[in-house]
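A.B. asks: No letters, just coordinates:
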């Protein structure tokens, strides 16, 4: 080996942070490009064809507005419920040891595994007036099927795991001695949760909540069975896009789809920014 | 007496971690709980803190039972081994935490809390770090913040779990002196856990040596160093050379060993075990002696000599290099013990706490 080769060796090795960096990076970028980026670009290009005036007309048409309002409101309802319930469920799964805990843990994934259409059918059967839940709710004057509540329940069902699965690992890794430190310093259990535990899981909680919301916005399969899909009343935005598509109104479909994507992206960006802000000074430089 | 512990026992599953701990700590004392890992010292500290509860025994402070009180009610300051600082709070907020969680009726005003924190920051010499986050601090700085957070509530007792365990050697030494200074000026009764003998001896007024869930010996550092009460303490404090000897009229005898320098001991005639530090053994040239110099190695200031008799007994000694000038490889030597500790019986024996007169006196209420 020549002297130059010996001197060069460490420098050449330093370039390769990952083994097979070129291959892994190339594959992942190709994947992102074909599966994720290309469809979104196609959608944006399709939307651009429409022109701003026409785009605005489609989006502000009464039926579109009603669909968007319903979708966003129901998604917000579902997300609020899932945020609270998901946090509680993650807490129970991590903090307590009880028989059936692992089963409960596994059950959290059912909404992911179940085809959403199946979930929608099952929920509709349960909440219809002669279903198990509906039979109880109907006499009380509460109807779920074919209302915004039905939409929200379907969205809740399919996005339950997001908050649980993002908060759970953070809660598991939480340094127990921080809580003990707070306890020796005189903090009450509520203060320990509010001032020590919650700030630690907040970034993950935010991410989980945002993903749950984004998922609810686009939920289709589970919702269409229970919603009844009455235009202006219980028609969700993604269904309206499908209807436009079936009417060969590609521009209308693209405009509605783009609006949904934009809302979801803005939310994700906002939550990422918040998370970065929260954790900026927590990790060692 | 400030803190009184008696007959404390704790079991985790099948493991008896503490088996009857008796200890008294006086107001303002700085106590080290010294022992190898698994000796129960951290468990004892956590029980004093109110983070764990014993299965049996009592714990009282100034006569008041502490076992019925929560950690918060006891008002202790606990410094965790890895500091357990709140990562989402600045140094200032970390230190203020204990004051800011007080019930509204007892909570000092915002300006008053800020003044207390400022005073502590100055006292702990970390004034410039007030607005940093824990992740932006070095290990030694975090240690100071953790101590500041614990001291902010003006604890009755300060408890530190391996306070310097996670730091490198130089920082350790500096912080140790600094902590002694903090203790001397604040005067808080302090108990800390360590497995480092040097740390315990340099820092503490009194050292409690623990092993296997019992206290082996309690005493001032010099007293323990010079008079280890049990074979365990002797080994733990570096008396690593163990030799079988025969006791006759209070004096130890063994072939090739000059033990005249050891004081007479009230140990019955018969077999006994002599514990020596390598530094307390001096090889002296003696043509009649059974030992030969088998190995010699220099560490600069010291000469490490291994002496061997024909039967495979190897004894290590350390002498200042100038004292070993006359020694040569293979030379016959006698071994003179300058200081050592003798325990009755031969070889291994169950660890039985033997109280020195001093510890007996202290144990009396």
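C.D. replies: Cool, got the structure. Just so it is clear, the model here is predicted, and its values are computed rather than measured.

A.B. asks: check contacts around residue B:239.
C.D. replies: B:228, B:275-277, B:340-341 (Cβ atoms under 8 Å, 6 or more residues apart in numbering or on different chains). Heads up, the C-betas are built off the backbone N, CA and C, glycines and all.

A.B. asks: Apply 10 Å and report the result again.
C.D. replies: B:225, B:228, B:231, B:233, B:274-278, B:280, B:339-341 (Cβ atoms under 10 Å, 6 or more residues apart in numbering or on different chains).

A.B. asks: Could you measure from it over to chain A?
C.D. replies: According to Cβ to the nearest Cβ, to the nearest Å, residue B:239 stands 36 Å off from chain A.

A.B. asks: now, which of the contacts of residue B:239 lie within helices?
C.D. replies: B:225, B:231, B:233 (DSSP state H).

A.B. asks: So which of those residues wins on neighbours?
C.D. replies: Each of the ones in helices among the contacts of residue B:239 was scored by neighbour count (other Cβ atoms under 10 Å in any protein chain shown); the top score is that of residue B:233, with 26 neighbours.

A.B. asks: if I look at that one, how far off is residue B:4?
C.D. replies: Taking Cβ to Cβ, to the nearest Å as the measure, residue B:233 falls 23 Å from residue B:4.

A.B. asks: quick one: what helix or strand has residue B:239 in it?
C.D. replies: In this assignment (DSSP states H and E), residue B:239 forms part of neither any helix nor any strand.

A.B. asks: Not including adjacent chain positions, what is the nearest residue to it?
C.D. replies: Setting aside the residues directly before and after it, residue B:239 is nearest to residue B:275 in space (Cβ to Cβ, 6 or more residues apart in numbering or on different chains), at 3.9 Å.

A.B. asks: One more: residue A:148?
C.D. replies: Once flanking residues are discounted, residue A:148 sits nearest to residue A:74: 5.4 Å by Cβ to Cβ, 6+ apart.

A.B. asks: Check whether that neighbour really touches residue A:158, as I assumed.
C.D. replies: No: contact status for residue A:74 versus residue A:158: not in contact, 12.0 Å apart, counting by Cβ atoms under 10 Å.

A.B. asks: any common contacting residues for these two?
C.D. replies: A:216, A:219, A:223.

A.B. asks: how many other residues sit next to the last one?
C.D. replies: It stands for residue A:223. Other residues lying near residue A:223 total 31 when counted by other Cβ under 10 Å.

A.B. asks: so it touches residue A:153, yeah?
C.D. replies: Yes: in terms of Cβ under 10 Å, residue A:223 counts as a neighbour of residue A:153; the distance is 9.3 Å.

A.B. asks: who touches both of these two?
C.D. replies: Taking Cβ under 10 Å, 6+ apart as the contact criterion, the common neighbours of residue A:223 and residue A:153 are A:74, A:123.

A.B. asks: still on that earlier bit, mind checking which of the contacts of residue B:239 are in strands?
C.D. replies: Of the contacts of residue B:239, the ones assigned to strands by DSSP state E are B:274-276, B:341.

A.B. asks: Kindly indicate the member of the residues you listed with the most neighbours.
C.D. replies: The most crowded member of the ones in strands among the contacts of residue B:239, judged by other Cβ under 10 Å, is residue B:276 (27 neighbours).

A.B. asks: ok, now how distant is residue B:161 from residue A:216?
C.D. replies: Between residue B:161 and residue A:216 the distance is 46 Å, computed by Cβ to Cβ.

A.B. asks: Give me the more crowded residue out of the two.
C.D. replies: More neighbours sit around residue A:216 than around the other of residue B:161 and residue A:216, counting by other Cβ under 10 Å; the figures are 29 against 23.

A.B. asks: Leaving out chain neighbours, which residue sits closest to residue B:205?
C.D. replies: Spatial nearest neighbour of residue B:205, excluding adjacent residues (Cβ to Cβ, 6+ apart): residue B:30 at 4.8 Å.

A.B. asks: can you pull up the bridge partners for that neighbour?
C.D. replies: Note on residue B:30: beta-bridge partners residue B:190, judged by DSSP bridges.

A.B. asks: Check the one 4 residues further on too.
C.D. replies: Listed beta-bridge partners, residue B:34: residue B:194, residue B:209 (assigned using DSSP bridges).

A.B. asks: isn't it right up against residue B:209?
C.D. replies: Yes: taking Cβ under 10 Å as the contact criterion, residue B:34 and residue B:209 are neighbours in contact, 5.2 Å apart.

A.B. asks: what does the stretch 101-250 of chain A put close to chain B?
C.D. replies: Those residues of the stretch 101-250 of chain A that sit near chain B, judged by Cβ under 10 Å from any Cβ of the partner chain, are A:175-188, A:191-192, A:194-196, A:198-200, A:202-203.

A.B. asks: hmm, back to that, I'd like the contacts of residue B:239 written out as a markdown table, with pLDDT added.
C.D. replies: What follows is the contacts of residue B:239, written out as a markdown table (pLDDT from 0 to 100):
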| residue | pLDDT |
| --- | --- |
| B:225 | 89 |
| B:228 | 90 |
| B:231 | 91 |
| B:233 | 92 |
| B:274 | 90 |
| B:275 | 91 |
| B:276 | 90 |
| B:277 | 90 |
| B:278 | 90 |
| B:280 | 90 |
| B:339 | 87 |
| B:340 | 88 |
| B:341 | 88 |
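
A.B. asks: Tell me the residue of the stretch 1-150 of chain A that sits nearest chain B?
C.D. replies: Closest approach between the stretch 1-150 of chain A and chain B, counting by Cβ to the nearest Cβ: residue A:97, at 14.8 Å.

A.B. asks: and that residue, backbone torsions?
C.D. replies: Note on residue A:97: its backbone torsions stand at phi -110, psi 120 [degrees, to the nearest 10].

A.B. asks: how close does it sit to residue B:166?
C.D. replies: Summarising the geometry, the distance separating residue A:97 from residue B:166, computed by Cβ to Cβ, is 30 Å.
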